[in-house]
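Trainee: Okay, here's the prediction I keep looking at, along with the sequence it came from:
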Amino acid sequence: MALLEGLDTAAVAERVGVTVRQLGHWDRLGIVSPSLVPARGSGTRRLYAEGDLVYVLLVQAVRRLGGTLDLADAVVSALRLFERDGGGMDGVRLVADADAVAYCGSDPAKSQAAIEQGVAMMVFNLDAITAKARKLAHRPSRPSVEVLELAGTAIQVVVVPAADVFTATAKKFPGLSAFGRSMSAAIDALRTAIESGPADDDLEERAVEVRVTQSGASAWGGEW
């Protein structure tokens, strides 16, 4: 699912774990730039697409492994060239040493050969990086309030986003919380906890359906 409006520089920095200054520097060097709304002078609100986050994460990974910005540029360029030639991200491995890219592609034998021939190699799994970029792109930046209906009783559930985990709590059940890797998973876990909890005079039938009656999910393109 693609982002509807994109992410500005501050949102990308917060989600990926880099600084706004780093993103601006990488943009000026031409390593990775926002594709939805690029910089057009002072005060421009740059907007990054979900696919841009893949490259931001890749540059971040190179730097964390001690690679230079020149190497990061070479890594990003190799992946862009592979994509332009018709290659997708599925099964792609990118292998590099301290100075250059040794292999970029989806042939396991060739990637393994490149690894065995090198010294102090960096190996990047694009499946994992793409999955992380998708998760970060669709994570809400601020807490979202959802109103659920349980056995005819409206329950307000606050879903608070974190880097990888969503926490759902219900005001009607203080002290009760549940966790999930998505908003829907957290709410399902909360429903299970409520239904399996101690008896409550207001909820005689606990095996009931939880139905979303009001949701802000569409505003950020989250999953349900």
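Mentor: Okay, I see it.
Trainee: Please identify the helix or strand for residue 134.
Mentor: Following DSSP states H and E, the helix or strand that holds residue 134 is helix 126-137.
Trainee: Which residues does that helix contact?
Mentor: Counting contacts by C-beta atoms under 8 Å, 6 or more residues apart in numbering, the residues outside helix 126-137 that touch it are 3, 7, 15-16, 50-51, 53-54, 56-58, 61, 79, 89-94, 164. (Each C-beta comes from the backbone N, C-alpha and C, glycine too.)
Trainee: Give me the residue at the spatial middle of the chain.
Mentor: residue 136 (1.8 Å; C-alpha atoms, centre = their mean).
Trainee: Now do the same for it: its pLDDT.
Mentor: For residue 136, the pLDDT comes out at 86.
Trainee: same question, residue 174
Mentor: On the pLDDT scale, residue 174 gets 72.
Trainee: Count the neighbours of it for me.
Mentor: Neighbour count for residue 174, taken as other C-beta atoms under 10 Å: 8.
Trainee: just the one 10 residues further on next, same as before
Mentor: Residues near residue 184, counting by other C-beta under 10 Å, number 17.
Trainee: if we can go back for a sec, which of the contacts of helix 126-137 count as buried?
Mentor: In the contacts of helix 126-137, burial by neighbour count holds for 3, 7, 15-16, 50-51, 53-54, 56-58, 61, 79, 89, 92-94, counting by 16 or more other C-beta atoms under 10 Å.
Trainee: Return the subset of those residues lying in helices.
Mentor: Using DSSP state H, the members of the buried ones among the contacts of helix 126-137 that fall in helices are 15, 16, 50, 51, 53, 54, 56, 57, 58, 61, 79.
Trainee: for the last one, what are its contacts?
Mentor: This points to residue 79. Taking C-beta under 8 Å, 6+ apart as the definition of contact, the neighbours of residue 79 are 55, 58, 92, 94, 104, 126.
Trainee: Residue 185 contacts residue 166, correct?
Mentor: Yes - the criterion here is C-beta atoms under 8 Å, and residue 185 meets it with residue 166 at 7.2 Å.
Trainee: which of those two has more neighbours?
Mentor: Taking other C-beta under 10 Å, residue 185 and residue 166 do not tie; residue 166 has more neighbours (23 against 16).
Trainee: Identify the residue nearest the more buried one in space, chain neighbours excluded?
Mentor: Distance criterion C-beta to C-beta, 6 or more residues apart in numbering; nearest residue to residue 166, sequence neighbours excluded, is residue 186 at 4.1 Å.
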